[in-house]
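Enquirer: from the sequence below, what's the structure:
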Amino acid sequence: MTKTPILAEVLLPTTELRNDLPFFTKTLGMRLENIFPADDPSVASFSGHGLRIRIEKGADVPPGHIRILTDDVDGFADGKRELNAPNGTRVTIIPLTPQVEHITTQHEFAVRRLTDEAPWVIGRAGMHYRDLIPSRLGGSIIASHIRIPDGGPVPDMVHYHTVGFQLIFCYRGWVDVLYEDQGDVIRLHAGDCVTQPPGIRHRVVEASPNIEVIEIGVPAEHITTIDHDFTLPNGTGDPAREWDGQTFVHHIKERAVWAPAHIPGFTARDTGITAGTKGIAGIQVLRRAEGASSAFSHTADIHFTFVMEGTMTLHAEGQQDRTLEAGDGFVIPPEMVVSYTDASEDIELLEVALRGDFNTVLA
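Expert: Below is the predicted model:
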């Protein structure tokens, strides 16, 4: 049985159709589908660029706004970015492929406590989000504490992000995820993490009850694109494959190697993300070690830390001392002298730095 086709079109007004014909056919490169009546045309339909429009003389509707998406912006409509059709329709020409916007970081010292009772917001796929950096440092980064209270299958679709850097760190519980060219389901346990290089297709499959993850995205606002034609899993690809210069990194806590941290009095396990991102970002987990800690400053553009376990006191020059506990996060601007004191034996810190090859200066 032949399926009856279904079309949709956008209605636009005009006062004189003859003036619109050359603009929509020649300037915009659309195809004229029908026009009537023959003796004095007042209605015409055009198609092109995935859009169908009907222009009707005297139609009681606004003139509208059409966005033309093309990666050959300079070669379309003589390179113009904004045009106005004779019927008043505004036409904007923009890139088809989303681009990562570079945001200049607005540095600040900031502390976000779990006890501040910041609202949990229900976001994509029913996940609950808590913002760990409310200012987002001017839009340069978003740090989210995400939880799925009930667990079970996640109603997620294959998608990818247009980002400069993205981290998923499993904080509590476990979560099953699928990634392009990485084989079958990957289960992240508490303490494990992965990077999501720009453009890598992925999907969340299932999660344990009360799963919690920390997600870092740079910049704060980035586009998520659903890929309806891509199926996961898709097999194992080249392990050395790069997406926009970054490889997929899967760090497993149980295989980690601990070494002295860049801060005295702490030990750290490096996740390999500095190497995998060619220095764009560095992710480490810090624990208490023998010896006294000391004051320090850093040269990173962004330096964010999330307290996963334990308690400590954060001293920062010019600021009141802050007693921190699990669930708290803080941002230290470059060159500010700080120190971590009174750290409990079970202290565990997730440290996120951009760039990852920053320097620590001991005071």
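Enquirer: tell me the helices in the chain, going along the chain?
Expert: Per DSSP state H, the chain carries helices over the ranges 17-22, 273-276.
Enquirer: could you dump those into CSV with mean pLDDT added?
Expert: Formatted as CSV, the helices of the chain follow (pLDDT from 0 to 100):
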stretch, mean pLDDT
helix 17-22, 95
helix 273-276, 96
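Enquirer: and of those, who's closest to residue 312?
Expert: helix 273-276 (23.6 Å; Cβ to Cβ). The way it works is simple: take the backbone N, C-alpha and C, and place the C-beta from them, glycine included.
Enquirer: residue 102: how many residues sit nearby?
Expert: By other Cβ atoms under 10 Å, 9 other residues sit near residue 102.
Enquirer: how long is stretch 128-137 end to end?
Expert: 22 Å (Cα to Cα, to the nearest Å).
Enquirer: just how off-centre is it within its chain?
Expert: Put simply, stretch 128-137 sits 13 Å off its chain's centre (Cα atoms, centre = their mean, to the nearest Å).
Enquirer: not counting it itself, show me its contacts.
Expert: 105-108, 110, 112, 118-123, 141-149, 214, 220, 302, 304, 306, 329, 331 (Cβ atoms under 8 Å, 6 or more residues apart in numbering).
Enquirer: buried ones among those residues?
Expert: 105, 107, 110, 112, 141-148, 214, 220, 302, 304, 306, 329, 331 (16 or more other Cβ atoms under 10 Å).
Enquirer: mind checking which of the residues you listed land in strands?
Expert: Residues from the buried ones among the contacts of stretch 128-137 lying in strands, with DSSP state E as the criterion: 110, 112, 142-148, 214, 302, 304, 306, 329, 331.
Enquirer: what is the lowest-pLDDT residue among those?
Expert: The member of those with the lowest pLDDT is residue 148, at 84.
Enquirer: identify the bridge partners of it.
Expert: Beta-bridge pairing for residue 148 (DSSP bridges): residue 211.
Enquirer: wait, it sits on residue 154?
Expert: Yes - Residue 148 lies in contact with residue 154 (Cβ atoms under 8 Å); the separation is 6.9 Å.
Enquirer: tell me which of the helices of the chain sits most buried.
Expert: Stretch with highest mean neighbour count among the helices of the chain: helix 273-276 (a mean of 20; mean count of other Cβ atoms under 10 Å).
Enquirer: which strands and helices sit next to it?
Expert: strand 193-195, strand 282-288 (3 or more Cβ pairs under 8 Å, 6 or more residues apart in numbering; DSSP states H and E).
Enquirer: winner for burial among those strands?
Expert: Mean neighbours per residue, mean count of other Cβ under 10 Å, is largest over those for strand 193-195, with a mean of 25.
Enquirer: quick check, pLDDT for residue 118.
Expert: You'll see residue 118 listed with a pLDDT of 68.
Enquirer: which residue comes closest to residue 335 once chain neighbours are left out?
Expert: Nearest residue to residue 335, sequence neighbours excluded (Cβ to Cβ, 6 or more residues apart in numbering): residue 297, at 5.2 Å.
Enquirer: what distance do you get for that neighbour to residue 282?
Expert: Taking Cβ to Cβ, to the nearest Å as the criterion, residue 297 is separated from residue 282 by 16 Å.
Enquirer: which parts of this protein belong to which domain?
Expert: The chain breaks down into these domains under automatic domain parsing: 10-94, 110-252, 255-362.
Enquirer: redo these as JSON lines? Include distance to residue 2.
Expert: Output for those, formatted as JSON lines (distance: least, Cβ to Cβ, whole Å):
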{"stretch": "domain 10-94", "distance to residue 2": "21"}
{"stretch": "domain 110-252", "distance to residue 2": "24"}
{"stretch": "domain 255-362", "distance to residue 2": "52"}
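Enquirer: where among those is average confidence lowest?
Expert: Ranked by mean pLDDT, those end with domain 110-252 at the bottom, a mean of 92.
Enquirer: span of that domain from start to end?
Expert: Termini of domain 110-252 sit 30 Å apart (Cα to Cα).
Enquirer: how many neighbours does residue 65 have?
Expert: Residues within reach of residue 65, counting by other Cβ under 10 Å, total 9.
Enquirer: how close does the closest residue to it other than its chain neighbours sit to residue 67?
Expert: Sequence neighbours aside, residue 90 is the residue nearest to residue 65 in space, at 4.6 Å (criterion: Cβ to Cβ, 6+ apart). With the distance defined as Cβ to Cβ, residue 90 ends up 9 Å from residue 67.
Enquirer: and residue 182, by the same measure?
Expert: Distance of residue 182 to residue 67, given as Cβ to Cβ: 34 Å.
Enquirer: residue 153 bridge partners, please.
Expert: In beta-bridge terms (that is, DSSP bridges), residue 153 pairs with residue 206.
Enquirer: okay but it is in contact with residue 208, surely?
Expert: No - between residue 153 and residue 208 there is no contact under Cβ under 8 Å: 11.7 Å.
Enquirer: re the thing from before, indicate which one of the helices of the chain is closest to residue 7.
Expert: For the helices of the chain, the distance to residue 7 is smallest for helix 17-22, at 20.3 Å, taking Cβ to Cβ.
Enquirer: pull the CA atoms of the closest one into CSV?
Expert: What follows is helix 17-22, C-alpha atoms only, in CSV (Å, rounded to 0.1, in the frame of the first residue of the first chain):
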residue,chain,number,x,y,z
LEU,A,17,3.9,38.6,-5.2
ARG,A,18,5.7,39.6,-8.4
ASN,A,19,8.3,41.4,-6.2
ASP,A,20,9.0,38.2,-4.1
LEU,A,21,9.5,35.7,-7.0
PRO,A,22,13.1,36.7,-7.9
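Enquirer: show me what that helix is packed up against.
Expert: With contacts defined as 3+ Cβ pairs under 8 Å, 6+ apart, helix 17-22 has these neighbours: strand 43-48, strand 51-57.
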